[in-house]
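Q: got a predicted structure plus its sequence, pasted below:
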Amino acid sequence: MAHSAGPPRGSLVTRLSAHSSRPPLPGFEAKQSYKVKASGAHAIKPRGERKRKKPRGKPKVSQVVGLHMQRREALRSDLLRNLGTDPVNFDVGPADPLKFAVQLPGVRRSDSRRVIGNTERASPTLGTGNLLDLGRSGCRPEKWPSEWRSDELARRTTLRDAPVAAKRRVPPHIQARIYSRRTEGFLHDESRIRKPGSTQYLQDVKSPSDHKPIAQLAHGLSRVLFNPGVHWLQDPRSRVYNFSPWLEAIPKVNDFAFERITGFVRSSQDNDLHTLAKRHNRPFVGSTSSLTGLLSHVYFLVSGDRAVDTSPLSRAFAHEPTTFTPGQRMPTSVILDYNDGVWSIDSDKANEIAEKNVLTWMGTMLEKFLVLPELKFKKLLRSSPESVDDRDSRREAYRYAVSDSFVMRSQLDCVDSRLPGTGIFDIKTRAAVPIRLDILNYEENSGYLIKRLTGGLESFEKEYYDLIRSAFLKYTFQARIGNMDGVLVAYHNTARIFGFQYIPLEEMEARLYGPGDGSRVFDKCLRLLECILKEVVGVYGQQSVRCTFDKRDNVDEMVVFVEPANWVEATEGKPCPITQLEVKVENHLNDAPSRGSTAVASDQPWLIHWAISHSAADEEDIRSNLTQSQNRQLNALHFPAGVKTLSEMVAYWDNIHFGGPIPKPSTGDLSSSSSNAIASEDKTEGDERRALNRSLAFRTAPPQIEYLRSLARQGHDDTVRAEAEEASSGKGKIVWGPADFLRDVVDDDQTRQLECDVSESTVDGGEVGGVSVSMGESCDSTADVGAGDGGVSDVGAISKWLDTAVEIQGSERSVASTDHRMDTNVSNITHRH
């Protein structure tokens, strides 16, 4: 093939020289990979005449071994040649060691080579500084000097610097953990943890004392249990009520007589729990209120901080956090009260803060509000005289269950036999987001409205999203302990109820565990908690202890602080001791290591390897760690509207009282404050703030809270406007679905008469005539109906008229903002076909 004339082609250097006036770089030609050829000496052969190089294949094993043996023999020969020994006639017998102990004076001991003439030979000292020994092995180690010498490179320290250098701590990233005790174990998926024929780790035991019957829903609320989704109390578009209008207005908390109902009993004061623990030989007892916090932190550890599933929600929450809320992850403190070989677990929280939380009292009141007919509930108000005959001294209905180490107690709120399983479910009242985030300003925030089903704010979806992150984990553990089917949630703003939703246990666990088995997750967490508590009570022996569980975000261990609960420093003569336990777990699926988030959602065999270690750190460091955990337990409360100074905040705080009649208003003096009784009268504003912050933390409302307050004020104006329009229209209140509602309003005679009217009209094909019912005339008869719904089957022929509209005319509710109650007087009820 002919080539066109042009510059001669050659090596890279030739081409660079031909196109550049500058000479090549010095030394560039010296590289053998670029050989300079004469001009015109290089000719390109056609592609077909070129010789192809054979691909270099992999060397055979025999070739590799042969080359390796050749190199090894060459190195051996070179070594013996440098030592002055014939490689062929090498004798391993004894030789004169002095012959090889000569060392050049100018050679360093770390240098493994020396130069003799023009030949580089190996030094007798090699690279280690050891002399060769030609005894049997050919090498003899050097005799090290016996005396110790100082480190010339060490930093010079004086007597003044010595204590500081001794106290210097090792950096955290290279600090080694030191433990005084370590316990390990495994949690298997084995059938031996369950009794034959059982399907749950917890087993029911009979209560040793008599208790009240389990309550049932009233006011026709039972249909919420069998229809998924949210049920509006009043449809915001048509203004038609789906349930009794009496449920809309929530009575004031101070108007409810809490002393007329059975109060909460702590685990340490429950004699039935202690009796069952002794009878079944169990060391621990507890209730759902004190155990769910501990189980939550154990779940955070086991699941590896698994995120929740918010995929069923709308696009408004597509980019919202899927982690648990800070309140859910807050450290949990409990007291293990020892009594005759049994430790009772009680919540260790400030009673004063709980007593001043309106939601604590409102939850108790609303449970009675939803399960009692109107007349029976009014007997529990302070405006009604107390009757001795209405007192029931029996205990509330509880479920008692035992595990390997526990006797647990769960209160049974409500039951419906038509639900799967036991038919038992829990009643939960959920306050709207401004109430929860700005609790002290609840009166102003009670104007906040839920206007729509979906959306970022003022929607049921927002409340459901917050439930997933802040309450579902607690609800699932309570339902598992009580063997419940689910929870009934009532959404409210402390002044009115917006709607209801029944959430089954399976739905809550799907948002938490995904496709995982919720029963298995609960069993793992409970069994690990039993192992931890056994280690906790073993620290200080048979005495009451206070412990704090803290599993922080993105940390692969849970810390448990343990200290004696009844320690008196003046009596003991030394500070209270404290111990720090560190709990770690490793998850395995099918004997292979796995992430906790994956193990929770898997159905494969799950093994947990746990380890509990007692830290050997100083008590000062452990106390500092506990202080950091306790600081995370403090919630900063916002100043309510109208409060500007700390003195005003103290007066406002002292006037908060929900358990009885409102006490005499406080003057705002810190010396009279219950939380600052030790404060003197001459304290400055700064001293007052420091004294109050020991137990509480207050701050001004940030912009986000101010925005929620503005929505509440706007909602209050909208409510007043809607009530005014409804009153001026003269239409009254229309209620959909009378079947269950009539059970609470109409007495037995009127019900039978209504059934006859319905049956006659059905035969004749005519319309149902109007039935006039007076609320005052029917109150006496409804008192004997009871708290149950009386299913649709109890009403007989009325079940055919579930879609009939009921119009209730009567006096309207006052539009004053201070009046949260609604007195509805039903004058007549008209049924329309």
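A: Sure, I can see it. Numbers count the residues shown, from 1 in each chain.

Q: touching, residue 399 and residue 203? I think so.
A: No: taking CB atoms under 8 Å as the definition, residue 399 is not a contact partner of residue 203, at 11.2 Å. In short, each C-beta sits where N, CA and C put it, glycine included.

Q: higher neighbour count, those two?
A: Ranked by neighbour count (other CB atoms under 10 Å), residue 399 and residue 203 place residue 399 first, with 21 against 13.

Q: which element follows the helix or strand containing that one toward the C-terminus?
A: Following DSSP states H and E, one finds residue 399 within strand 398-402. Using DSSP H and E, the helix or strand that follows strand 398-402 towards the C-terminus is strand 406-411.

Q: what angle separates that next one from strand 398-402?
A: 160 degrees (axes from the mean of the first three to the mean of the last three CA atoms, to 10 degrees).

Q: list the helices and strands the strand holding residue 399 packs on?
A: strand 203-205, helix 271-280, strand 406-411, helix 472-482 (3 or more CB pairs under 8 Å, 6 or more residues apart in numbering; DSSP states H and E).

Q: export the ones you listed as CSV, with columns for mean pLDDT.
A: Shown next, in CSV, are the helices and strands packed on strand 398-402 (pLDDT from 0 to 100):
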stretch, mean pLDDT
strand 203-205, 91
helix 271-280, 93
strand 406-411, 94
helix 472-482, 95
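
Q: of all these, which lies closest to residue 458?
A: Closest approach to residue 458 among those (CB to CB): helix 472-482, 21.7 Å.

Q: and the helix or strand following that closest one, what does it pack onto?
A: For helix 472-482, the succeeding helix or strand toward the C-terminus, using DSSP H and E, is strand 486-492. Where contact means 3+ CB pairs under 8 Å, 6+ apart, strand 486-492 is packed against helix 358-371, strand 424-431, helix 460-470, helix 472-482, strand 497-504, helix 505-513.

Q: now do the fourth one and strand 486-492, the angle between them.
A: Our comparison of helix 472-482 with strand 486-492, counting by the same axes, to 10 degrees, yields an angle of 140 degrees.

Q: what helices and strands are in contact with helix 472-482?
A: helix 288-303, strand 398-402, strand 406-411, strand 424-431, strand 486-492, helix 505-513, helix 518-540.

Q: point out where the stretch 651-800 of the chain drops to low pLDDT.
A: By pLDDT under 70, the low-scoring segments of the stretch 651-800 of the chain are 660-695, 737-800.

Q: if we can go back for a sec, tabulate the helices and strands packed on helix 472-482 (a markdown table), appending distance to residue 649.
A: Converted to a markdown table, these look like this (distance: least, CB to CB, whole Å):
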| stretch | distance to residue 649 |
| --- | --- |
| helix 288-303 | 28 |
| strand 398-402 | 40 |
| strand 406-411 | 35 |
| strand 424-431 | 22 |
| strand 486-492 | 26 |
| helix 505-513 | 38 |
| helix 518-540 | 38 |
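
Q: and of these, who's closest to residue 231?
A: For those, the distance to residue 231 is smallest for strand 486-492, at 10.1 Å, taking CB to CB.

Q: angle of that closest one against helix 505-513?
A: 80 degrees.

Q: ok, residues contacting strand 486-492?
A: If you take CB atoms under 8 Å, 6 or more residues apart in numbering as the criterion, strand 486-492 is touched by 217, 221, 224-225, 230, 250, 366, 370, 414, 419, 425-432, 450, 460, 463, 467, 475, 479, 497-505, 507-508.

Q: may I see the buried residues of the top helix by length along the chain?
A: Secondary structure of the chain per DSSP state H: the longest helix is helix 703-729. Neighbour-count burial for helix 703-729, with 16 or more other CB atoms under 10 Å as criterion, is recorded at 705, 708, 709, 711, 712, 715, 716, 719, 726.
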